[in-house]
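Q: got a predicted model here, sequence first, then my questions.
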Amino acid sequence: MGLKDKLMELQQKALEEISSAEDLKKINDIRVNLLGKKGPITEVLRGMRDLPKEERPNVGSFANKVRDELTNAITERKDRIEALKTAKRLEEEKIDVTLPGVPVKAGQPHIIMQVIDQIEKLFLGMGYQVVDGPEIEEDHYNFEMMNLPKDHPARDMQDTFYLTDNNLLMRTQTSPVQARTMEKHDFSKGPLKMISPGKVYRRDTDDATHSHQFHQIEGLVLDKHITMADLKGTLQLIARTIFGEEREIRLRPSYFPFTEPSVEVDVSCFKCNGNGCSVCKDTGWIEVLGAGMVHPNVLKISGIDADVYGGFAFGLGPDRFAMLKYGVDDIREFYLNDVRFLKQFSQRG
Amino acid sequence: MKISTKWLSDYVNIDVEPQVLAEKIERTAVEVDDAYRLEKGLKKIVVGETLEVKNHPNSDHLHVCQVNVGAEEPLQIVCGAPNIAAHQKVIVALPNSRIADNVKIKRGKMRGEVSEGMICALQEIGFSESVVPKEFVEGIYVLPAEAEPGKPVYPYLGMDEDIIDLDVTPNRADMLSMRGTAYELAAIYDKKVSLPTPAIKETAAEKTADYVEVTADSDLASTYLMRVIKNVTIKESPMWLQKRLWNAGVRPINNVVDVTNYILMDYGQPLHSFDYDKISGKQITVRLAKAGEQLTTIDEQKRELSAADIVIADEKGPIALAGTMGGQDTAIDEKTTTVALEAAVFNPSLVRKTARKYNLHSEASMRFERGINRQTVAEALDAAAQLIADLGEGEITAGIAQGALENIASVEVKITLTKINKVLGTKLTSEDVEDIFRRLGFGVKVDQDLFTVSISPRRWDISIAADLIEEVARIYGYDNLPATLPTGELVPGHYTHVQKMIRETRQIMEAAGLTQAVSYGLTTAAKAKSFLMQPSEITQLSFPMSSDRTTVRMNLISGLLDDVAYNVARKVNDVALYEQGRVFYREEGISRPTEVEHIAGALTGLFETATWHDAKIPVDFFLTKGIVEHMLYSLGITTGIRFVQTTEHQEMHPGRTADIYVEDKYLGFVGEVHPTVAKEYHIDRTYVFELDLQKIVEMPKQSEIYTPVSKYPAITRDVALAVAKTVENDAIINAIKKTSGKDLAKVELFDVYEGKHIAADYKSLAYKLTYQNKEKTLLDEEVTKDFNKVVAKLKEEFNVEIR
Ligand SMILES: [Zn+2]
């Protein structure tokens, strides 16, 4: 048998061996055995010394060709085995992607705080300051500076929790914060634009629509050229921010001792778009807040020249806003803190 | 104030649909509570005539009636009313009719007798019981004899009138009368009012002065007038008057009382009628009550009077509480023949005090408090006297007895057009404004920009320029105002440092898995005093509404535990809540408490429930402590935090509570609620924390300077120690830090073990010490040397055994 035949036989046998190799170790062994220094191909090439000189190049190039083919076959087989191995692993690692995700533990803000945050952000953007004040107030700031002297019939509109010291009370509105701010404001540093959010208290029996504790946000703008049209525009913005872009507002005459003119503000019903439904009691409008132009007496009491400065004030109830916006029909829900209730209002803003 | 549009049409001609009118009033004047017609929703309710009434054979109280309802054959109707009788005109609900509350009446049988419909009481066809004449409250209503059988009952009862129920704001008391409302509507619709004035017919032969002499302190009653009507027959008022009263929400009583109520509604002028023959002497005085005086008012209450009450007194003593309620002893009854009729203006503030003190708020007291038209006191008195005389066939004595009479003039208010437009943001012309004032019935003089407006006493609410601006705005229409935003330099607002920190704290809590609660600020004294962080006096309400809300809170935890209890009672057993809010601390001798912002949390049950993926995580001390630490770190407090075991908090578990300090500043506490307290709240193991947020906000914060990460490798050493259970982790950590040398970068506790592989009273603590140098690679030998020093120190100080 000639060297060439030997090489062909060797190739034939090796290719069979390669194609039947099942794992990487085997294929590696084959490579070392076949192509290594002690391997059969090296052996054959070593036998070339015994060949006549003119045959050597022919056999030599054939041997190299066999070596190249076998090397390729091994590489291919190796790639193939690796591909199979990967495929097998992927197959084994398959999961049920419809199993539920692992819940992320997260709490959330109280719904009333969400409403307050939203309104605060709106007004901060328009250059208002957020001002806090005491929840326990003096009669002087809560009433007298708001143009409600003792024995004023309108004091009946707000039943008050007085403390055992009868000059002190649980504030019935957040407007005393305005009184405190007006008293100190220096108009040479610019206009006064503020909102005061917070808890207020009324001497009321708790039921579905009344709570002895609720929240209020009062706003106040004082400058030399503030108009009632500015108030209307500002109120429209609040309504649209909270209840949606399409909302309209309307003003109705009302009475508050600290504003003149005073208005009650209705927003077009967001449930029925003004066609009439149970939310708006078939009127198409929902009463949402009270407002007006600051009463000159209020300015005078605070030492502000009512002939030069004037402006508007408004007061809104985040509890009522939240009830309307989310269809909550019992105000007590806000203060009982049933986790299932609180967790319903998850989106921010 | 219930306004009948029919009555209104006597005074001003406004030809619009009631619903449209109601809306217009609401948009221009005052709120409207309701607009309705009593007959609405009713069907087939007619006048019937009882031809025959027999006792029901199978009942001791039912009657079987033959009723003429205008048809050929009478209907047989079974009726149980005690006042049913033959030859009455009654209200019949025919078969297939509808009565109040949408109830359908069918032909049927009652105890064997056929009943073709129902004979009705006023309440059954929609009347409020409070307006039904007393004699008909317990039975059926009997219509006037002239009612025609078969005809609908509605016109006979005034049920075909449209009623608009106004919710009059305190400033618009002028609309608490038909006449005031007529003026208002005339202004809105630009119409003229036509108001009848009384023509009084006096009996010249009898002088009022011979009957009464009145004196009044004008500080108590700025006007006090009296007329006398004699030979009056007390009886039922005619139907027209009764209808007007019950449509206005007032129960008809008798002709004299009804007239005073009618004039009250018509003019807004409260009147009081006395039975003249029951007054002692002829001297009547308006004065303050004297200490010890008593009066039994017409509601049969005996009242102890005080020197703040205005009374009307005769020669013996008080006979009425001025403006609030008359006395029982001088009340009109069916035997009255001579009526002394009072019309007055009493001091509003004193009437208010008296009404509040005795809880006697009435239509009259409300009007005195809010003000009345002081120009028509005498006119209202005349109108009432004449009507009483007409209805009771009486005679009016000549002259008015006058205790005080105020001289009333119009008020002048000046305002410029510029000011009006500047405040409203409008471009109204002088003519626009002048026209509005004219429609309102004000006198106007225009001098270029300046209006001098003369306002009649019937609009006593208007006294300053701002009031006129409101009048212009509402008549012009708020819908016509433009909508703009305040102009001027716009500088975005921003939260103060404290506001920002408070809002950040809330977000940190929420990110840590706690949901925000808002609890009540008012609680019981016991709860206010629990879970205290510092000693404080309680602050209480003087007149609480309920025993649960008497005291302002001095801690947030007790409110949160109420919330936890509420959840647990509703089978929500896993709760993680926080609250951010104020507590109120008070020092002895100072009545105003200090308000301090706190942050608190309460956790119970599972923090994480088991899922198919993870095991459950129950709430415990260390989880709760971790939340507190996380909050402090996130707020920039990273060093000096100490948790110190405490048994000082009575409501807390003595073995599982720590006071929290930063350096030497006390911030609050964290721990498990004492089992006894938990039991009182009916809750399971609950972990809580409460911290003074204000102190945290004010604390200096770790400056945020970047520390470069060492590029040299770290070497770690682990050590497990067996140590007596009483030794605290903090002590060991401190010892390690103190002795470990400068290269110790970190020390972490990574295992705690107590159990059978270790002696009782001992625990095993395992620490990982990480060494790293910023300038060089540490050598193993260097670290070993440092580490051995630590081990030696621990052995010496805590008698530990290295495991
Ligand atoms: Zn609607």
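A: All right, it came through fine.
Q: how close does residue A:203 sit to residue A:302?
A: With distances taken as C-beta to C-beta, to the nearest Å, residue A:203 is found 27 Å from residue A:302. All C-beta atoms are positioned from the backbone trio N, CA, C, and that covers glycine.
Q: more crowded one of those two?
A: Neighbour count, other C-beta atoms under 10 Å in any protein chain shown: between residue A:203 and residue A:302, residue A:302 has more, with 20 against 17.
Q: identify the residue nearest the more buried one in space, chain neighbours excluded?
A: Of all residues not flanking residue A:302 in the chain, residue A:182 sits nearest, at 3.9 Å (C-beta to C-beta, 6 or more residues apart in numbering or on different chains).
Q: check which residues of stretch B:715-734 are buried.
A: By neighbour count on 16 or more other C-beta atoms under 10 Å in any protein chain shown, the buried set for stretch B:715-734 is B:715, B:717, B:719, B:721-723, B:727, B:732.
Q: chain center to that stretch, what's the gap?
A: Relative to its parent chain, stretch B:715-734 has a centroid offset of 61 Å by C-alpha atoms, centre = their mean, to the nearest Å.
Q: only alpha carbons, please: show it as CSV.
A: C-alpha atoms of stretch B:715-734 as CSV (Å, rounded to 0.1, in the frame of the first residue of the first chain):
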residue,chain,number,x,y,z
ILE,B,715,-8.3,41.9,52.5
THR,B,716,-11.0,40.4,54.7
ARG,B,717,-10.9,38.4,57.9
ASP,B,718,-13.9,36.7,59.5
VAL,B,719,-14.2,36.1,63.2
ALA,B,720,-16.9,34.2,65.1
LEU,B,721,-17.2,34.9,68.8
ALA,B,722,-19.1,33.1,71.5
VAL,B,723,-20.1,35.8,74.0
ALA,B,724,-22.4,36.2,76.9
LYS,B,725,-26.0,37.1,75.7
THR,B,726,-25.9,40.4,77.6
VAL,B,727,-23.1,41.8,75.5
GLU,B,728,-24.4,44.2,72.9
ASN,B,729,-23.3,44.3,69.3
ASP,B,730,-22.6,48.0,69.5
ALA,B,731,-20.1,47.4,72.3
ILE,B,732,-18.2,44.8,70.2
ILE,B,733,-18.2,46.9,67.1
ASN,B,734,-16.9,49.9,69.0
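Q: ok, now which ones touch the residue in the stretch 701-803 of chain B positioned nearest to chain A?
A: Using C-beta to the nearest C-beta, the point where the stretch 701-803 of chain B gets nearest to chain A is residue B:701, with a distance of 21.5 Å. Residue B:701 makes contact with B:635-637, according to C-beta atoms under 8 Å, 6 or more residues apart in numbering or on different chains.
Q: apply 10 Å and report the result again.
A: Applying C-beta atoms under 10 Å, 6 or more residues apart in numbering or on different chains to residue B:701 gives the contacts B:501, B:635-638.
Q: hang on, it in a strand?
A: No. Going by DSSP: H, G, I helix; E, B strand; the rest coil, the assignment for residue B:701 is coil, not a strand.
Q: the helix or strand containing residue A:264 close to chain B?
A: Using DSSP states H and E, residue A:264 falls within strand A:259-268. Yes. Counting by C-beta under 10 Å from any C-beta of the partner chain, contacts between strand A:259-268 and chain B involve A:259-266.
Q: in CSV, list those residues along with distance to the ion.
A: Shown next, in CSV, are these (distance: C-beta to the ion, whole Å):
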residue, distance to the ion
A:259, 28
A:260, 31
A:261, 27
A:262, 25
A:263, 21
A:264, 17
A:265, 16
A:266, 11
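Q: top of those residues by number of neighbours, please.
A: For the residues of strand A:259-268 next to chain B, the largest neighbour count, defined by other C-beta under 10 Å, is 30 neighbours, found at residue A:263.
Q: show me where pLDDT drops low in the stretch 651-800 of chain B?
A: Where the stretch 651-800 of chain B drops to pLDDT under 70, the residues are B:702-705.
Q: where do the helices sit along it?
A: B:675-680, B:693-698, B:729-739, B:780-798 (DSSP state H, counting those that start in this stretch).
Q: check the stretch 151-300 of chain B too.
A: Counting by DSSP H, counting those that start in this stretch, the helices of the stretch 151-300 of chain B are B:154-157, B:178-189, B:239-247, B:255-267.
Q: report the mean per-residue pLDDT for the longest one.
A: Mean pLDDT, taken over the full extent of helix B:255-267, equals 97.
Q: the third one now?
A: Along helix B:239-247, the predicted confidence averages to a pLDDT of 97.
Q: tell me what it is packed against?
A: Other helices and strands packing on helix B:239-247, by 3 or more C-beta pairs under 10 Å, 6 or more residues apart in numbering or on different chains; DSSP states H and E, are strand B:2-4, helix B:5-9, helix B:154-157, helix B:255-267.
Q: quick one, which of the ones you listed gets closest to residue B:757.
A: Taking C-beta to C-beta, strand B:2-4 is the member of these nearest to residue B:757, at 87.1 Å.
Q: packing partners for the closest one?
A: Checking 3+ C-beta pairs under 10 Å, 6+ apart, strand B:2-4 ends up next to helix B:18-28, strand B:31-37, strand B:162-167, helix B:178-189, helix B:239-247, helix B:255-267.
Q: buried ones in the longest one?
A: For helix B:255-267, the buried set under the neighbour-count rule, 16+ other C-beta under 10 Å, comprises B:255-267.
Q: return the member of these nearest to chain A.
A: Nearest to chain A among these, with distances taken as C-beta to the nearest C-beta, is residue B:264, at 17.8 Å.
Q: do you know how far the residue of chain A most remote from its centre is from residue A:10?
A: The outermost residue of chain A relative to its centre, with distances by C-alpha atoms, centre = their mean, is residue A:52 at 87.7 Å. Here the criterion is C-beta to C-beta. By it, residue A:52 lies 22 Å from residue A:10.
Q: and if you look at residue B:708?
A: The spacing between residue B:708 and residue A:10, counted by C-beta to C-beta, is 64 Å.
Q: same question for stretch A:79-92, mean pLDDT?
A: Averaging the model's pLDDT scores along stretch A:79-92 yields 92.
Q: for that stretch, which outside residues touch it?
A: Under the contact criterion C-beta under 10 Å, 6+ apart, stretch A:79-92 has outside partners A:19, A:21-27.
Q: show me where the stretch 401-550 of chain B has helices.
A: B:417-424, B:430-439, B:465-476, B:497-511, B:525-529.
Q: could you find the closest non-adjacent residue to residue A:292?
A: Among residues not flanking residue A:292 along the chain, residue A:259 sits closest, at 2.6 Å (C-beta to C-beta, 6+ apart).
Q: mind listing what that neighbour touches?
A: By C-beta under 10 Å, 6+ apart, the neighbours of residue A:259 are A:146-147, A:175, A:231, A:290-295, A:298, A:312-315, B:466, B:470.
Q: next one: it, what pLDDT does it get?
A: Per the predicted model, pLDDT is 95 at residue A:259.
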